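return a 3D structure for these sequence lines:
(2 chains)
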Amino acid sequence: MSDEVFSPFPSPAGGKTPGSAEVLYLQRALFVLQGRFFDPIAKADKPLPPHRFALAQSETVFSEGSTSDADGVSTIFAPDTTGVADDATWELYLIPIFAGRPDSDAYATDGEAWIDLDTRKWVTSEDVKQDKSMAILTTRKLLRIPVWSSARKAATGGFAATPPSASDFGTTGLLRTSELQPFGNKSNPWVVQVDHQWLRTWVSLRCWDPVAKKNRTLPPSVLVTSTQGFGKVVGGSSVMLPDGSIYLVHAGRKEDLSKLAYEFSTPEVSFFTYADGKTVVREDKSFDNAELATHYPLPRAWCSLGQRPWLGTGEPSSSNRKPFADLRHDGTSADNPLSFHLDDLVITTDGAQVFGVDNDGKWIAKSDRITVFDSLLAIRKQAKQGSDPMPWSDLPFTTQPLAAEDHYYVADKGPEAITRVLEHEGRLFGVDRRRVRGLPGFDPCVGARAAKLSRGITLSRSELHLFDTRWVTHEYKGKPAPLAHVMAYVPTFIDAPKADDPATGPNLARTMGIPRCLKLMAAAAAVWNQGHPGNHAAPSPAKRYAIVPEGGLKDKQAVILSRAHFGVRKLEDRIDFNGNVDKKIRILIHPQAGRATGGDPMHLYLVYGDTILAPPVPNPPVPGKVFDFEPAGDSVGDRVDDVESIPFTLAHELGHSMDLPDEYVERAHPPDKAAGSVAAFQSWFRPFNHDFTSFMRGNHVPRLRYLWPHVMQLQTLAVADEFAWLKPQLPLVVEYEAPKAKMRYQLPKGAGKFADAPTPWSMRSDNLGLAELGLFLAGDDESTRGPIILPPKKLTDPFDGVVVVVTKFWFTFDDSISDDKDRWELLYDEFVGTYYDREECPKFFLQSSGPWLTRVLVLFQPRIEFGPKPSKRDDGTVEAVASADIEVRVRKGDRSRTTGKPHVLCIRKGDMGHFLMRYALSPTQAVFDDRKNKKLQADDLAGINGWFSNLFGRSSKVVPL
Amino acid sequence: MSLPASLAQIFGGGRRSSRVAVTAGRYDHAEPLVPPDLASLPSAPDAVLMAGTPTRWGLQLPAGLVVVDLQGTHAFEGNGRWLGALEDDGATRLGNRVWPADGSERQLLRPIGRFVEPAVQLAASWHDELWITALQRTAPFAPPQLVVEVRANGSRLDDEAAPRWCFVWPRRGTAAIADDGTVAIATEDHALHILAAPTDPACRDPEVVAQLELPYEPYGLSATDDGFLVCSAIDGDVTAAVALRRRLGLRPHGIPAAWRTEVRSLDRRGDTRWAAVLDMTVWQPPIDGGGDRVLLAGRGLACIEGGAVQWTRALGSELYATAFADGSAAVGVGAHVGVVDRAGTMVQGFAIPEVVVTPPSIGRDGALAVGTQGRTYLVPVIHD
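Coordinates of the predicted model:
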């Protein structure tokens, strides 16, 4: 007999006997049932795949029905009720029939089975899992059906139909023995809709496709489960509809699912490609960030808790986004799915904890200021005050996660507009392919993009961060190259100390100084970042520096561009990082006159004054229209590249915040109204003092050498696994191809007498006569191409070293010259001024064989003190003659020379001249008696040349420029 | 015609307010000036300098001076923004340096110290043994100071008894030097000082002839035969506007800020002769048109005579002008060079390929030269 469906006998009215025959069944058929479920593809209720129903009173007293036919119809025969009480209860069970399996035990064991909507077969969880995990990628259309019994179902929505003899089956799902009366037949079976009144939802998982420059849904790949509380699965599906939404049916009604949440997980290192939407699991677990240009890495685990979805298939926006808790049960129609964006961002310090939210979900962040940097490290939606850009974004930080459409991608823009870094209250948070970790169903925002605290390298005042953005290409030397950035990050807090408040009236440093300083922070970064693609305010022409491999940039190697960011936070304390709270860098603005100083804190003054760390005064001076720290003065063009700039004190001080040293000599102060800038005793050796346009000398423009410390730090970072891509690019150089000169800056490693990692400011010192010689390594940059010593000329061959010659001269005068201004002008015009005039100063270099220090510039930098008005040291004490190498007494009468500490030379006013420098190099009576005042000649440098020659054991010669 | 020597204005610089002792010639074309060595010249000069001979010209640049002669191009640079000049004897001047035409060692004019520090030279003049310079000190970590120095031209050891004086005002501003050595400075604090040599030669401080408080922020100042002309911004923030542009690394050309301009005429004692208001943004210092006639160039061109506005030609773009001896003017506006007559009518005009960014320079024969972002153009005089 081919008909496996049995009908009760005798046939009920209207029933039809198979084959029109009279059939005598051995068992009495009790129920003819049709198992059905909602098929989201057919958009209709459809028969369950082959299954049986069983009616059980106990483990031993039961009746298992026949296997359902193609219409989902099956029969349960009347059980043997002998010895079973009339009021005993029976429960109906669903038994999926797994093809190729001897039994259906997996259904009970797993608590679930899956319907493959393509094959119309049941699939066990074991067959769904990959490597015994539900972290899977699949293109099958699998729909989860939980273990189903009538008692369970009665508690979650009841039934579409109940046997008429069963009095309370609809509410209990149980039949009493006395109620086991035949019900249903093949043509009119008892319809058992297994998902009757269960919540059905459509979920859309969206992500940004930077290649297509639009949002899309994930390709068929993930299997989404729904849970009711942590770990209690109530639904599951990988059934993706043509519009990309995933259909789920949850084992319960809305009211049964108060904690409903969605989850999915994927194998480690799985992604899809933008080009074809194919999903891949990378078996060797490798993934290079450069692949982000073409690949979308899937979250390892994702959960809807804490996310901010929206309803519908439209684009997300602040107006339609709502907390998941508010939309938990929405998305109940195919054309109005519950949409999540997988690129929503969460700021997190450890990758798991959502910053700004306490354990109760309460918002506790104290500042709403964030800065969002895209992959070019341009500030997204930069805030403005008037027309001045601020160093943060006009995107208030008031909720987590941060919406992808506001904080991650820019509509119609490609990968360059994707967010790479966030800044909040003094910390940077990197965004790449990392996701928020945590327990799905327990922790919030699991699987959202993690903006994770970037550690970088902590320097004295700044932090250095390497941001890999190799998914973006940058046109370098006419060719596209993968891009990466090294960011010098200076976190700041701007304040006006209360101690400065004047006796009456407002503290202008607070009311005017702070707003003015705020407006200048982005402008200061702009002049430091001239050639950086994230700098929209770059001058034209601009300095375009790049860090590249020593051997030149090869295919697929990254060009690394430098960017400075001077962040301004709202709160004085930086946010906690592993228990570390600090206040760096505080920028304090003062109303009293004073001299700006870098460091932590940095001190700025509305009005210039000579005093460092000027104390408060009761009545501060009225400031000019332009405060001391603002850009002021006429522009100067850099001779190497015509880049124009004007002096900008704040930008210079921020250079200190980036751990760069001063490059100017500390000046002795001339008498009132006299002019001339020369080094005082407390000055340091300054090889770049003549290059007025250097930022750390004259507050104008950057120099290539300022990036050399970055290069050294990058070489350190390259050992970290995270930056493994950098290792093959070592060693690095800094490169600048200006229209008139191509420069590559590098300092030699292992150069004799210097440490392994010298900086442009590392000095080796020696003594010669009464002079101290400071030797520096130098590289090829704008300074060594000419401005370091020459007025208008540019050099084809740069200097690779500088020796700075220093002697301390103390000058006193008798009444042969009575006026202090005349005294000053005598020593300045006839002697010391020459050495600080780039045009007039001696110009020689030492030439020797290589490989390093082959062209060493000799720079004379005499330090002087004007006896009638000696300088004050930074510590407030006054310079004393005892610190001098040579005391020069200008007076009437006999000339004389006394050796000792210091040497004392008594001369007449007409003697003033360059013999003093000759004497410093060779402090002999003969030189004193000769008093040769012609400008220094090559012969005068013989001692310096001999010192150099002996030091390095090579021949060298003095060459005039 | 006789004009004061100071109006020869051999010094370059965007601030110049020149009138020259020639009248407009007849012109029929503009042509690019090309150095004989075909060297590329720096872009965007502040001014073009014309020497006494047509074979020698120069470009005043932010960083210095480029001079072109029959031998080729020669670069000169100062430690700041110094005024350059091409003298009739072939000498070249930049700041306090003078390079003689015969190639002998350059001379240094004191005070040397002022020219070693970065600064901006605002005005310069020399009279017999004296030379006068006004400069804005811009050295880092130093207060803003407007300094006027008057010194002898001799050597230091000889000049202790020579007349000399110095004046320092702790603000930013502008300056003009009259033919008799009187100096006016106008600063951002609305102050205007007129300074003259002290009657006692041993005194190092000038006689302050006048100290005025102006109603608006002055930014342009020029000397005339018998007084000074001042331009002030009535309702615009000059400093902020300039700072804004420069912060972006751009020259003042095309600054978006605009203001109404007060033009004030003062006599040498500082008494106001007249004041007039122009509903036009003026960029250049007032241009002496001769007599009591003043030309104002900026977003257009205007003429004031005896305190009455005679005519205004407002434009959307910058106009640069230099006055001829008869009060007509050579102008550069957009990509055109031309001549505007006394009535304000463009009577001659020639198109060039680029936008003019300097005031026209006028040669001894009346030839015009202007600078653009990329080149220098000459409009030669046609001789019948």
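
which residues of chain B score low on pLDDT?
Along chain B, segments meeting pLDDT under 70 span B:1-18, B:127-128, B:153-163, B:236-257, B:384.

could you pull out the helices for it?
With DSSP state H as the criterion, chain B has helices at B:238-247.

got the domain ranges for chain A?
Structural domains assigned to chain A are A:18-116+A:134-197, A:457-659+A:694-759, A:660-687+A:761-960, following automatic domain parsing.

quick one: mean pLDDT over the strand or helix carrying A:Glu737.
Assigning secondary structure by DSSP states H and E places A:Glu737 in strand A:732-738. For strand A:732-738, the mean pLDDT works out to 95.

which helices and strands sit right next to it?
strand A:545-549, helix A:708-717, strand A:741-745 (3 or more C-beta pairs under 8 Å, 6 or more residues apart in numbering or on different chains; DSSP states H and E). No exception for glycine: its C-beta is placed from N, CA and C like everyone else's.

longest strand of chain A?
strand A:479-495 (DSSP state E).

tell me the gap between that strand and the middle of its chain.
9 Å (C-alpha atoms, centre = their mean, to the nearest Å).

next SSE after it?
Next element after strand A:479-495 (DSSP H and E): helix A:508.

so where is chain A shaky, pLDDT-wise?
In chain A, residues with pLDDT under 70: A:1-26, A:634.

returning to what we had before: what's the closest of the domains of chain A to B:Ala321?
domain A:457-659+A:694-759 (21.5 Å; C-beta to C-beta).

ends of the closest one, what's the gap?
17 Å (C-alpha to C-alpha, to the nearest Å).

same question for stretch B:350-361.
15 Å.

buried residues of that stretch, list them for me.
B:350, B:352, B:355-361 (16 or more other C-beta atoms under 10 Å in any protein chain shown).

A:Gln34 pairs with what?
Taking DSSP bridges, one obtains A:Val73, A:Val191 as the residues bridged to A:Gln34.

and it, how close does it get to A:Leu650?
A:Gln34 is 80 Å from A:Leu650, where distance means C-beta to C-beta, to the nearest Å.

please enumerate the strands of the stretch 51-200 of chain B.
B:57-61, B:64-69, B:72-77, B:84-86, B:92-94, B:97-99, B:107-108, B:119-127, B:130-137, B:145-152, B:165-169, B:173-177, B:183-187, B:191-196 (DSSP state E, counting those that start in this stretch).

with mean neighbour count and distance to chain A added, can I get the ones you listed in CSV?
Formatted as CSV, the strands of the stretch 51-200 of chain B follow (neighbours: other C-beta atoms under 10 Å in any protein chain shown; distance: least, C-beta to the nearest C-beta, whole Å):
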stretch, mean neighbour count, distance to chain A
strand B:57-61, 26, 6
strand B:64-69, 24, 6
strand B:72-77, 19, 4
strand B:84-86, 25, 12
strand B:92-94, 24, 10
strand B:97-99, 19, 7
strand B:107-108, 17, 8
strand B:119-127, 23, 4
strand B:130-137, 23, 7
strand B:145-152, 23, 8
strand B:165-169, 19, 5
strand B:173-177, 26, 10
strand B:183-187, 27, 9
strand B:191-196, 22, 11
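
would you turn those into JSON lines with distance to A:Gln557?
Shown next, in JSON lines, are those (distance: least, C-beta to C-beta, whole Å):
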{"stretch": "strand B:57-61", "distance to A:Gln557": "39"}
{"stretch": "strand B:64-69", "distance to A:Gln557": "40"}
{"stretch": "strand B:72-77", "distance to A:Gln557": "38"}
{"stretch": "strand B:84-86", "distance to A:Gln557": "46"}
{"stretch": "strand B:92-94", "distance to A:Gln557": "46"}
{"stretch": "strand B:97-99", "distance to A:Gln557": "48"}
{"stretch": "strand B:107-108", "distance to A:Gln557": "52"}
{"stretch": "strand B:119-127", "distance to A:Gln557": "45"}
{"stretch": "strand B:130-137", "distance to A:Gln557": "48"}
{"stretch": "strand B:145-152", "distance to A:Gln557": "51"}
{"stretch": "strand B:165-169", "distance to A:Gln557": "56"}
{"stretch": "strand B:173-177", "distance to A:Gln557": "52"}
{"stretch": "strand B:183-187", "distance to A:Gln557": "55"}
{"stretch": "strand B:191-196", "distance to A:Gln557": "59"}
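
good, we can wrap up now.
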